[in-house]
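>>> any chance you can model this:
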Amino acid sequence: MLRNFAATEEKTDWGEQLANTLATQTIAHLFTRSQDVRVQLRCFPSTKLLQGIVDGFRMSGRGLVIRQDFRVEDMWFTTDAVELDFASLLQGRMTLKRPTQAVAQVVLVEADLNHVFTARLVRQHLENVRDPKLTSLSGGEPVSFGNIQVKLLEEQRIHLQAEAYLPNGVFPVSFSCTLEVERRRRLRFSNPQWEQTGVSQLLSVALAEILDNMVDLDKFNLDGVSLRLNRLAIAEDKLVFSGYAEISHIPASP
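Predicted coordinates:
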């Protein structure tokens, strides 16, 4: 069972404090930017650090930016017992003796979701698209999508508005769909409902298909940390992902 970190906070001694400081500095370097990152290791008695044994640790962070463009409002993960290389601790590094898993949660707000669609990694899938379904509408020319705005709804649904750029003009795109997790690593845009007719509806169908095949979470993993999702929920205008993290190694601080 995962340890209750809050209940044992007062027992932290100098050994744990040193390890906490080192772990916080190390984990913070996984992110491009961050408002706050804290790592709390539990090791009682602290003499177990000499064997590299830690009862577990918890990372919590706010305003975290991953790979330059992908911001999350909150993220935390909590592990069970972890084995560290004590010699590397003395050298200012944290090295896992073996991979470990952690319970994890990631929270995004609407602004975070909307910013995702401006990121280069995402834009490359939305610009100059040459799918035959689209080029049949544009006289053989590539079609681009932009100005994407997402609104979080109830029951795991979102509403999406965008613009499609064709040689003969700009067309509005609008639909709603359900967000689902597939195989713990893909985000699906399922059960779309169209709000338009004619060319705009055909463009909406094409955009929904692009998004449904685009979001593979492996593209957003941190160095040494792979996220796997069990479920998602929308609550209080926030998108909450719950799952676990596979931690293969802890990268050295630059």
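>>> can you give the distance of stretch 107-114 from its chain's centre?
How far stretch 107-114 lies from its chain's middle: 11 Å, per CA atoms, centre = their mean, to the nearest Å.
>>> output it as PDB, nothing but the C-alphas.
In PDB, the C-alpha atoms belonging to stretch 107-114 read as follows (Å, rounded to 0.1, in the frame of the first residue of the first chain):
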ATOM      1  CA  VAL A 107      -4.600  17.900 -14.800                       C
ATOM      2  CA  LEU A 108      -5.200  20.300 -17.700                       C
ATOM      3  CA  VAL A 109      -7.300  23.400 -18.000                       C
ATOM      4  CA  GLU A 110      -9.000  24.700 -21.100                       C
ATOM      5  CA  ALA A 111      -6.200  27.100 -21.800                       C
ATOM      6  CA  ASP A 112      -3.700  24.200 -21.700                       C
ATOM      7  CA  LEU A 113      -5.700  22.300 -24.200                       C
ATOM      8  CA  ASN A 114      -6.100  25.200 -26.600                       C
END
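>>> hey, what's residue 163 bridged with?
Applying DSSP bridges to residue 163 gives these bridge partners: residue 146, residue 172.
>>> my read is that it contacts residue 170, right?
Yes. Assessed by CB atoms under 8 Å, residue 163 is found in contact with residue 170 at 5.3 Å. (Glycine included, C-beta is placed from N, CA and C.)
>>> and for the one helix or strand residue 61 maps to, what's in contact with it?
Applying DSSP states H and E as the criterion places residue 61 in strand 56-66. Under the criterion CB atoms under 8 Å, 6 or more residues apart in numbering, residues 2-3, 5, 23, 27, 31-42, 71-82, 220, 222 lie in contact with strand 56-66.
>>> average pLDDT across it?
What strand 56-66 shows for mean pLDDT is 92.
>>> how far off centre is it?
With CA atoms, centre = their mean, you get 11 Å for strand 56-66.
>>> what of stretch 114-129?
For stretch 114-129 - counting by CA atoms, centre = their mean - the centre lies 16 Å from the chain centre.
>>> with stretch 114-130 instead?
Its chain's average C-alpha position is 17 Å from that of stretch 114-130, according to CA atoms, centre = their mean.
>>> hang on, the earlier thing: among residue 163 and residue 170, which residue is more densely surrounded?
Using other CB atoms under 10 Å as the criterion, residue 163 and residue 170 rank with residue 163 on top: 15 against 11.
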